[in-house]
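S.K.: build the 3D model from these lines:
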Amino acid sequence: MKRRLCALLLALLTLAFAAAAAENTRVRHYLLLGEDGYADSVVDDARTDTIVLLSLDEQYNRVIMTSILRDSMITSPRGTPTKANLLYKYYGFEGLSECIARELDIAIEGCVLVNFEHVKPVIDALGGVDLVIDENEYISIRKILLGKDENMPKGPGLVHMTGRIALAYMRDRQSGSGDFSRTQRQRKVVAQLVAKCRDLSLLELVGIYNDVSSGMKMSLSIPGILGAMKSGYGLIASGADFVEFRVPQDGTYSYTSLEGHGSVLDVRWRTNRQRFHALLDTNPEETNR
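M.R.: Below you'll find the model as predicted:
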């Protein structure tokens, strides 16, 4: 059954390739959202503590991963200030996309919401990740998992992480600079997973998608999903560069308080938008000369 499904998806993907070829889209943007909870499936009223803008840049052959910090203050669809991680909870995919697209002046193709518990099998299916952790990260991982895991790191240094260990590493908010460091850890894990995908065939990637799709919710249509897979696989297979970005950038925010929400980041969105577009418009080869 799975082989037939893969064959069907491959056939549909071929059609999506032809349709996408007629377009001249320089870069495609997607929102990847993570519910930082332990539920068995995604829920509609959860906070999206992980907000990542994934930009597939076929012109410069790169994948740009932009973390948007959860405590960033942003104007809601109603015109009122709120925290970024509350947009999905109160306004759904449409409201969240509208706000991020407005602030960064881009078009967003669609959203993918993932329950963090379903990230573990993806990491395990790709053979885990190898990362260097410091003493504080080691302590935080032990606290999150209560020291109960046969693969628990023995101490700081280079560590091979299973999905469960890597998820604890990505959830760590206590060590480093809070959410700034947490989102950096998430980008490190994703960067390794992308690198591992370069050794897989399209059918193998489809198989992994089949295994984890039950833990996802999307605003994309089937052609939209296939178009994203086509673009992403093409970039991965061609050895695309992996580029990291973050909103807010250093020096473009201040701490303030928002009634009912406590401390938030007062983001200078205009400056972040300008820096993001400067990244999009810059040929990496010219920068490296």
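S.K.: please enumerate the strands of this protein.
M.R.: Taking DSSP state E to define them, one finds strands in the chain at 27-35, 50-57, 62-68, 73-75, 81-83, 108-115, 129-133, 157-161, 216-218, 241-247, 253-258, 262-267.
S.K.: so which of these comes closest to residue 173?
M.R.: The closest of the strands of the chain to residue 173 is strand 50-57. By C-beta to C-beta, the value is 11.6 Å. Backbone N, C-alpha and C define where each C-beta goes, glycine included.
S.K.: partners of that closest one in the sheet?
M.R.: Sheet pairing of strand 50-57 (DSSP bridges) gives strand 27-35 (antiparallel), strand 62-68 (antiparallel).
S.K.: neighbours around the closest residue to residue 173 other than its chain neighbours, how many?
M.R.: Distances taken as C-beta to C-beta, 6 or more residues apart in numbering put residue 182 closest to residue 173, at 5.2 Å, once the chain neighbours are dropped. Using other C-beta atoms under 10 Å, residue 182 has 23 other residues around it.
S.K.: flag the shaky bits of the stretch 151-289 of the chain, pLDDT-wise.
M.R.: Low-confidence segments of the stretch 151-289 of the chain (pLDDT under 70): 287-289.
S.K.: stretch 242-258: how far from the chain's middle?
M.R.: How far stretch 242-258 lies from its chain's middle: 16 Å, per C-alpha atoms, centre = their mean, to the nearest Å.
S.K.: how long is it from one end to the other?
M.R.: One end of stretch 242-258 sits 35 Å from the other (C-alpha to C-alpha, to the nearest Å).
S.K.: how much space separates the residue most central in space within the chain from residue 196?
M.R.: Central residue of the chain (C-alpha atoms, centre = their mean): residue 52, 4.0 Å from the mean position. For residue 52, the distance to residue 196 (C-beta to C-beta, to the nearest Å) stands at 18 Å.
S.K.: do the same with residue 131
M.R.: Distance of residue 131 to residue 196, given as C-beta to C-beta: 13 Å.
S.K.: and residue 44, by the same measure?
M.R.: Taken as C-beta to C-beta, the span from residue 44 to residue 196 is 32 Å.
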